[in-house]
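Enquirer: What follows is a predicted structure for the sequence shown.
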Amino acid sequence: MKNAKSAAAPLALAALLAGCATTPAGPTVQVLPAPGKSFAAFQDEVTVCKQYAASQVQGQAESTNERSLGALLLGGALGAALGGAIGGGEGAGIGAAGGGVAGTALGGAQALGSKGDIQQQYNNAYVQCMYAKGNQVAPAGYYTMPGRAVPAP
């Protein structure tokens with residue numbers, strides 16, 4: 001039984017770290033320069049709009065990860081309490097390991113869901129900024145050709 005308990009903690013930690021939310025590295029949407037705009041000017045706007053988008057989601061990844069860690073700790077504490085009440089000292093260890101794994105699964109699922117939400121918010125801010133500067137934004141499922149959006153094949 002000791003080996004199962006000692007193996008559960010690293011497994012729970014690895015699952016939690018794999019599900020960590022991160023601030024997006026960049027947009028996942030296609031934007032092209034407005035007709036007649038130089039590429040250098042477009043690149044300057046890309047830089048400004050990436051900074052703007054990052055500022056709009058700042059702190060969200062850290063907040064999500066803190067909530068995920070809280071789920072892990074709460075799951076471990078509840079599991080230990082329940083296991084201790086049912087099976088004494090050994091039951092507390094088993095309960096803590098089980099609760100920690102369950103808390104990690106819950107926290108990891110929450111972090112993964114939040115990753116997509118954070119990326120979407122980042123994309124929205126980026127697109128708003130680039131569109132305000134006159135650039136062409138392709139709708140989802142489309143790619144942009146000069147002057148028009150064409151459905152993706």
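Expert: That came through fine.
Enquirer: contacts and neighbour counts: CA atoms only from here.
Expert: Noted.
Enquirer: in this structure, which helix or strand is least confident?
Expert: Least confident helix or strand of the chain, by mean pLDDT, DSSP states H and E, is helix 2-18 with a mean of 49.
Enquirer: For stretch 31-45, buried residues please.
Expert: Buried residues in stretch 31-45, counting neighbours by 16 or more other C-alpha atoms under 10 Å, are found at 31, 32, 33, 34, 42, 45.
Enquirer: and these, which of them are in helices?
Expert: When DSSP state H is applied, those are split such that 42, 45 fall in helices.
Enquirer: now the buried residues of stretch 31-45 as a markdown table including distance to residue 60?
Expert: Supplementary listing: these in a markdown table, determined by distance: C-alpha to C-alpha, whole Å:
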| residue | distance to residue 60 |
| --- | --- |
| 31 | 25 |
| 32 | 28 |
| 33 | 30 |
| 34 | 32 |
| 42 | 28 |
| 45 | 24 |
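Enquirer: Just put the buried residues of stretch 31-45 in TSV and tack on pLDDT and distance to residue 118.
Expert: Below are these laid out as TSV (pLDDT from 0 to 100; distance: C-alpha to C-alpha, whole Å):
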residue	pLDDT	distance to residue 118
31	93	19
32	92	23
33	95	25
34	93	27
42	97	25
45	97	21
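Enquirer: between the buried residues of stretch 31-45, which is closest to residue 122?
Expert: Checking the buried residues of stretch 31-45 against residue 122 with C-alpha to C-alpha, the nearest one is residue 31 at 13.9 Å.
Enquirer: Could you give the number of residues near the residue nearest to the closest one when sequence neighbours are not counted?
Expert: Spatial nearest neighbour of residue 31, chain neighbours left out: residue 137 (4.6 Å); criterion: C-alpha to C-alpha, 6 or more residues apart in numbering. Residues contacting residue 137 under the criterion other C-alpha atoms under 10 Å number 21.
Enquirer: and what of residue 127?
Expert: Neighbourhood size, residue 127 [other C-alpha under 10 Å]: 23.
Enquirer: mind checking which helix or strand it is in?
Expert: helix 60-132 (DSSP states H and E).
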